[in-house]
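Colleague: Next one to model:
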Amino acid sequence: MSMGTSGGARSRRRTGGMNDINVTPLIDVMLVLLVIFMVTAPLLTTGVQVDLPKVRSSPMQADDSKMLVIITVDEHVYLGKDEITGAVEEKLKTNARLQEERELFVQADENVKYGAVLRVMAAARSAGVEKLGMITDPLVVK
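Modeller: Okay, here's the model as predicted:
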């Protein structure tokens, strides 16, 4: 029996290339980026007080061809000329014309609380309204 002096498998391991990619540094970098984005995301979404711009617009004709929900200053809700008593969503779901057209316009008094308008808009969306518009008075410039 003779022993080889070439080193055999041991020498092949030293000279051969590495077959696997070391992903540990990549994972470390991704985790650091994840933490950075988790910390900065809430800072980007905080509320900032904004004065909304006043714009010129042409008046939209309010006629009988449009389904109209009116919200008064005392938060009474009307579908056309009829006052909605009870659940707004149920009244909108049972309106055949609204279910066919899937379009509704909201007209609210400027002194109505924002939450009241949002509740009506959410009820309209739940009732299946796909197109929801807001009717406002245009800015009159002299």
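
Colleague: any idea how far residue 34 is from residue 42?
Modeller: Distance, residue 42 to residue 34, by CB to CB, to the nearest Å: 14 Å. Yep, even glycine has a C-beta here, placed from its N, CA and C like the rest.

Colleague: I meant residue 107, not that one.
Modeller: 46 Å.

Colleague: Can you tell me how far the nearest residue to residue 97 once chain neighbours are set aside is from residue 86?
Modeller: The shortest distance from residue 97 to any non-neighbouring residue, by CB to CB, 6 or more residues apart in numbering, is to residue 67 (6.4 Å). Note on residue 67: its distance to residue 86, by CB to CB, is 19 Å.

Colleague: more neighbours, these two?
Modeller: residue 67 (21 against 7; other CB atoms under 10 Å).

Colleague: Touching, that one and residue 104? I think so.
Modeller: Yes: counting by CB atoms under 8 Å, residue 104 is a contact partner of residue 67 at 4.9 Å.

Colleague: Between these two, which contacts overlap?
Modeller: Taking CB atoms under 8 Å, 6 or more residues apart in numbering as the criterion, residue 67 and residue 104 both touch residue 98.

Colleague: can you map out the helices along the chain?
Modeller: 9-15, 24-44, 88-93, 96-101, 114-126 (DSSP state H).

Colleague: Quick check: which of these is buried the most?
Modeller: Most buried of those by mean neighbour count (mean count of other CB atoms under 10 Å) is helix 88-93; its value is a mean of 18.

Colleague: Now do it, average pLDDT.
Modeller: Mean pLDDT, helix 88-93: 89.
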